[in-house]
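Novice: What follows is a predicted protein model with its sequence.
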Amino acid sequence: MVGMDDQKAIAAKITGRVQGVGYRYAVLRVAGEYGLEGWVRNTPDGSVEVWAQGNAAVLAELVAFLREGPRSARVHSVDVRSVESDATLEGFRVRS
């Protein structure tokens, strides 16, 4: 198991046509494949928020996916910032 000292964490806000197009579930699938912990959710302003933590190289792969999204999405921007890891997170899920 990776220690918390080895963990990096990011928060991202994705704008564009990202709700109602399977974006959250695509992120859920990819993050699960990468073994990341965190969550994804729709926001009232029509964007999607992602919190993810894990290995820095794997997080970079996730960010690359966030910029593309599933075929039906049209991503306009991805704002990513580093945040402190959350030791209470287990797995990756969709939040409401």
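Specialist: That came in fine, so what should we check first? Numbers count the residues shown, from 1 in each chain.

Novice: How many residues are close by the closest residue to residue 35 other than its chain neighbours?
Specialist: In space, and not counting its chain neighbours, residue 35 is closest to residue 54: 6.3 Å by C-beta to C-beta, 6 or more residues apart in numbering. For glycine as for every other residue, the C-beta is placed from the backbone atoms N, C-alpha and C. Look at residue 54: counted by other C-beta atoms under 10 Å, it has 23 neighbours.

Novice: What segments of this protein are strands?
Specialist: Per DSSP state E, the chain carries strands over the ranges 8-17, 37-42, 48-54, 74-83, 92-94.

Novice: CSV for these, including mean pLDDT?
Specialist: Output for these, formatted as CSV (pLDDT from 0 to 100):
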stretch, mean pLDDT
strand 8-17, 98
strand 37-42, 98
strand 48-54, 98
strand 74-83, 98
strand 92-94, 97
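
Novice: could you dump those strands to JSON lines with distance to residue 29?
Specialist: Shown next, in JSON lines, are the strands of the chain (distance: least, C-beta to C-beta, whole Å):
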{"stretch": "strand 8-17", "distance to residue 29": "16"}
{"stretch": "strand 37-42", "distance to residue 29": "10"}
{"stretch": "strand 48-54", "distance to residue 29": "13"}
{"stretch": "strand 74-83", "distance to residue 29": "16"}
{"stretch": "strand 92-94", "distance to residue 29": "9"}
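
Novice: so of those, which one's packed in deepest?
Specialist: Of those, the one with the most neighbours on average (mean count of other C-beta atoms under 10 Å) is strand 48-54, at a mean of 22.
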